[in-house]
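Chemist: dropping the sequence and predicted coords here.
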Amino acid sequence: MNRLARILDASDPGQVRLRSASATTLTVLLAMVILLLTTRAIGQPVTVAMLGTVVAMQASAAVKDKDQHSRLITTALMALPASAAVTLASLLSELGKVADVGFIAVLFAAVWVRRFGPRGTALGMVAFISYFFALFLRATPGQLPMLIAAILGGLAIALFVRAVIFPDRPIVEVRRLLFAMRAVSVSVLEAASAGEGRDLNLLRRRLDRLGNTALMIDDWLDRHDAGQLLSVTSTDLSLRVFDAQIATEQLVSSLWALDPAKPWPKALGQATTALGSVLQNTPSSEQLRAARRLAATAAERADPSTPAGIATVSAQRAVQAHIAIHHITTNAVSVAASPETESTEPATKDEPSGLNPSTKAAIQVAVATSAATVLGELVSPDRWYWAVLTAFLVFTGASTRGEILTRAGQRVLGTIAGVLAGVVIAALVGNNQPLQLVLIVVCVFFAFYLVTVAYALLSFFVTILLAMLYGLLGTFSIEVLELRITETAVGGVVGIVSAYFIFSTGTRKTMVDKVDTYLEQLDALIEASVESVVAPGGETDLVASTRALDNALKDVVTAGKPLVLGPTTRSRRGAKRLLRVLAVSSRSAHALARAGVLAARADTQTAPSDDTARALRDAAALVRETVRHVEAAAAGKRVDPPEKITETTVLDVLLTSTNAPGPLRGAVRALNTMNRTLADVLGGG
């Protein structure tokens, strides 16, 4: 049972996806039951209840504001665009093609308002879905009072679920995230300790998951003040999570360097056993003290000049870091300082020239949905809306040609698989209405639980849901589902063509821009970390800089996904290699930043000599030069591999020092590893 809990924590850090999917499913279930019973009682058609249920589902799934107060306000505000859209659709529905023109205008506006952030996106989406369903249900002006009442009822149910059943519980959320960090740490260590059956790709995926979990904790700190909720300040919690992440990464790196065919020394086995005890979710205070003593004893006996000794010392650091986090979750640490007041003013950014990206996307959507409306009606005058839906949705969450191509392809594949599954399930279920309702609810849950895993899974479960819904309404047929495939393909093709020819945004250019941003962040982090080591005891914001670097890497990975799935082998290999190198260099940057943080905590008397400082700055300059070469190579320029920092450079720097190595040794090793990793992009690794 504990192992299953660890797997769930590792795959869904903080149970964010589970909580979101459960809230949406419960919202749909309550809206469906309450609105169906109400409409039947007052003699209204089932379509009125359907509209309210869909709006409730949209309110639950589309609202993405960071804090609970903002989410509640956005949910309440949805009543305005939803009611306006339904009113417009019902008034225009009697004017034939004018209603289609109105639909295009609503779609344009729904995308244009994305410039206003999560709230604008949510309000635009509910306006779109409300107008669409009003057309689909052939709403008339006489039905407006009941339709608006259904919208308000659906939103009230969504607010009830969000505020009462699934309220914001920040302390529970952060503890779940810290539990998830331990679970991911265990999975990373298992991958690194698998002996001769080790899988490097598996290890990389789990290390990425560890980094993503740390970023989720950082996101929690952006939304909440830890000083008011926990026993530590936000700064202290951020530092502890950072220490635990970096210590775990360094331990994994040390374990991977060992010969998998040879048994570990006794000291290393003791240290990792202590770490395994610490990585439990609810160890006792005595267990934590025993683990600390065992790890310290093992580190004292280890030879730090050997790979196994380095791994043992790294394991001890990881034990100490994770014990520090346990003190937070068990409320055993007193507040070290009063909560700090942080500036909330956004950083100034350069305004992009030309049209706003949301305006460009809105024009693309308007053109795509116009074409999809015409072609969809040629295929089927009754089911044209599926083509329009696809043409619109492939632009949601995508901005480049490659992203839109990938999204359209996944939607078509998910639809085809969903049709096949829907036919089989419909045949097995027959006219069993209770079972059909249960399957609809199950499909809603899995559609929203798995949408972030793969967009195709959303289309798959939604298509099965439609099969059950048509069966419930008595209109199910294989021909209807086959028509869904055709219309979806039409909408996907139209969306792709629009993406390529209307304000085209190149995938490779976008990735190069994101890589440039990442490398700029890396360059700044190298400089700041080295200066912190050279001048210890000063103030530093290296943890925040590291998280900014991690977010920049996430943007690179997102932009590069279409290239990784690209049609040409050379493109795929090049993109995979670059993403792999940047991910590994990011972990070296973590180690470098940790050295800077440790130096900032140290006494100013530990400052290295002038010769050592000069040598360290020279080493950093070489790495920063490599960063600039990588930036040029990513842009497609031909560059020669730079001179690499080798182990002799590490010794050269350390030999100039008369101080204990400490952060200095960590900084130089991190620079050395980073430079060799980055040089791999240039063919020099």
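Modeler: Yes, it's here.

Chemist: where does the stretch 351-500 of the chain dip in pLDDT?
Modeler: Judged against pLDDT under 70, the low-scoring parts of the stretch 351-500 of the chain cover residues 351-355, 397, 399, 473.

Chemist: quick check: the gap between the residue sitting nearest the centre point of the chain and Arg547.
Modeler: Central residue of the chain (CA atoms, centre = their mean): Asn212, 7.1 Å from the mean position. In this structure, Asn212 and Arg547 are separated by 12 Å, where distance is defined by CB to CB, to the nearest Å. In this view, the C-beta of every residue, glycine as well, is placed from N, C-alpha and C.

Chemist: one more: Leu123?
Modeler: 30 Å.

Chemist: which residues touch Asp12?
Modeler: If you count contacts by CB atoms under 8 Å, 6 or more residues apart in numbering, Asp12 has them with 18, 180.

Chemist: now do the phi/psi pair for it.
Modeler: Backbone torsions of Asp12, given as degrees, to the nearest 10, read phi -140, psi 80.

Chemist: pLDDT score for it?
Modeler: With respect to pLDDT, Asp12 has a value of 78.

Chemist: also Thr140?
Modeler: Predicted confidence (pLDDT) for Thr140: 83.

Chemist: what's the local residue count around it?
Modeler: 13 (other CB atoms under 10 Å).

Chemist: then Leu239?
Modeler: The burial metric for Leu239, expressed as a neighbour count using other CB under 10 Å, is 18.

Chemist: and the one 10 residues further on, by the same measure?
Modeler: One way to gauge burial is a neighbour count; for Glu249, by other CB under 10 Å, it gives 23.

Chemist: and Ser93, what is it in contact with?
Modeler: Each residue near Ser93 by CB under 8 Å, 6+ apart is listed here: 99, 134-135, 138-140.

Chemist: ugh, wrong one, I meant Val597
Modeler: For Val597, the contact set (CB under 8 Å, 6+ apart) comprises 239, 242-243, 532, 540, 542-543.

Chemist: reformat the contacts of Ser93 as a markdown table; add secondary structure and distance to Ser459.
Modeler: Below are the contacts of Ser93 laid out as a markdown table (DSSP: H, G, I helix; E, B strand; the rest coil; distance: CB to CB, whole Å):
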| residue | secondary structure | distance to Ser459 |
| --- | --- | --- |
| Ala99 | helix | 26 |
| Ala134 | helix | 23 |
| Leu135 | helix | 21 |
| Arg138 | coil | 26 |
| Ala139 | coil | 26 |
| Thr140 | coil | 32 |
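
Chemist: most neighbours among the contacts of Val597, which one is it?
Modeler: Highest neighbour count within the contacts of Val597, by other CB under 10 Å: Ser532, with 25 neighbours.

Chemist: is it true that it touches Ala600?
Modeler: Yes. Using CB atoms under 8 Å as the test, Ser532 is close enough to Ala600 to be in contact (5.3 Å).

Chemist: what helix or strand does the closest residue to Ala191 other than its chain neighbours sit in?
Modeler: With CB to CB, 6 or more residues apart in numbering as the criterion, Ala191 has its nearest non-adjacent residue at 4.3 Å, and that residue is Leu203. Using DSSP states H and E, Leu203 maps to helix 200-223.

Chemist: re earlier: would you reformat the contacts of Val597 as a markdown table and include pLDDT?
Modeler: Below are those laid out as a markdown table (pLDDT from 0 to 100):
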| residue | pLDDT |
| --- | --- |
| Leu239 | 84 |
| Phe242 | 89 |
| Asp243 | 86 |
| Ser532 | 90 |
| Thr540 | 74 |
| Leu542 | 88 |
| Val543 | 87 |
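
Chemist: need those in a markdown table (columns: distance to Thr306).
Modeler: Putting the contacts of Val597 into a markdown table (distance: CB to CB, whole Å) gives the following:
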| residue | distance to Thr306 |
| --- | --- |
| Leu239 | 30 |
| Phe242 | 28 |
| Asp243 | 24 |
| Ser532 | 29 |
| Thr540 | 32 |
| Leu542 | 30 |
| Val543 | 31 |
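
Chemist: want to throw those into a markdown table with secondary structure and distance to Gln316?
Modeler: Rendered in a markdown table, the data for the contacts of Val597 read as follows (three-state DSSP; distance: CB to CB, whole Å):
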| residue | secondary structure | distance to Gln316 |
| --- | --- | --- |
| Leu239 | helix | 18 |
| Phe242 | helix | 18 |
| Asp243 | helix | 13 |
| Ser532 | helix | 23 |
| Thr540 | coil | 24 |
| Leu542 | helix | 23 |
| Val543 | helix | 22 |
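
Chemist: which pair in the residues you listed has the greatest spatial separation?
Modeler: Comparing all pairs in the contacts of Val597 by CB to CB, the longest separation belongs to Asp243 and Ser532, at 15.3 Å.

Chemist: what's the local residue count around Glu531?
Modeler: 17.

Chemist: please report the distance of it from Gln143.
Modeler: Following CB to CB, the distance that separates Glu531 from Gln143 is 68 Å.

Chemist: where do the strands sit along the stretch 201-350 of the chain?
Modeler: Per DSSP state E, counting those that start in this stretch, the stretch 201-350 of the chain carries no strands over any range.

Chemist: where do the helices sit along it?
Modeler: Listed in chain order, the helices found in the stretch 201-350 of the chain under DSSP state H, counting those that start in this stretch are 226-229, 234-256, 266-278, 285-301, 307-329.

Chemist: cool, the stretch 401-550 of the chain as well?
Modeler: So, for the stretch 401-550 of the chain - with DSSP H, counting those that start in this stretch - the helices run 401-429, 433-450, 455-473, 478-501, 507-534, 542-564.

Chemist: looking at the ones you listed, spot the one closest to Val16.
Modeler: It is, among the helices of the stretch 401-550 of the chain and with distance given as CB to CB, helix 433-450, at 10.5 Å.

Chemist: then the closest one to PDB, C-alphas only?
Modeler: Written as PDB, here are the backbone C-alpha positions of helix 433-450 (Å, rounded to 0.1, in the frame of the first residue of the first chain):
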ATOM      1  CA  GLN A 433     -29.200   4.000 -18.600                       C
ATOM      2  CA  PRO A 434     -27.800   3.800 -15.100                       C
ATOM      3  CA  LEU A 435     -24.600   2.200 -16.500                       C
ATOM      4  CA  GLN A 436     -24.400   4.800 -19.300                       C
ATOM      5  CA  LEU A 437     -24.600   7.600 -16.700                       C
ATOM      6  CA  VAL A 438     -21.800   5.900 -14.700                       C
ATOM      7  CA  LEU A 439     -19.600   5.600 -17.800                       C
ATOM      8  CA  ILE A 440     -20.200   9.200 -18.600                       C
ATOM      9  CA  VAL A 441     -19.000  10.300 -15.200                       C
ATOM     10  CA  VAL A 442     -16.000   7.900 -15.400                       C
ATOM     11  CA  CYS A 443     -15.100   9.300 -18.900                       C
ATOM     12  CA  VAL A 444     -15.200  12.900 -17.500                       C
ATOM     13  CA  PHE A 445     -12.800  12.000 -14.700                       C
ATOM     14  CA  PHE A 446     -10.300  10.300 -16.900                       C
ATOM     15  CA  ALA A 447     -10.500  12.900 -19.600                       C
ATOM     16  CA  PHE A 448      -9.500  15.600 -17.200                       C
ATOM     17  CA  TYR A 449      -7.100  13.500 -15.100                       C
ATOM     18  CA  LEU A 450      -5.100  12.500 -18.200                       C
END
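
Chemist: can you tell me, leaving aside adjacent residues, what's nearest to Ala180?
Modeler: Take Ala180 and drop its neighbours on the chain: the residue closest to it by CB to CB, 6+ apart is Pro13, 3.7 Å away.

Chemist: list the contacts for that neighbour?
Modeler: Shown here is Pro13, whose contacts under the criterion CB under 8 Å, 6+ apart are 176-177, 180-181, 184, 209, 212-213, 216.

Chemist: got the phi and psi for Leu258?
Modeler: The main-chain torsion angles of Leu258 are listed as degrees, to the nearest 10 and equal phi -80, psi 160.

Chemist: kindly report the same for the one 3 residues further on.
Modeler: Main-chain torsions, Ala261, degrees, to the nearest 10: phi -80, psi -10.

Chemist: count the residues that sit near it.
Modeler: By other CB under 10 Å, 7 other residues sit near Ala261.
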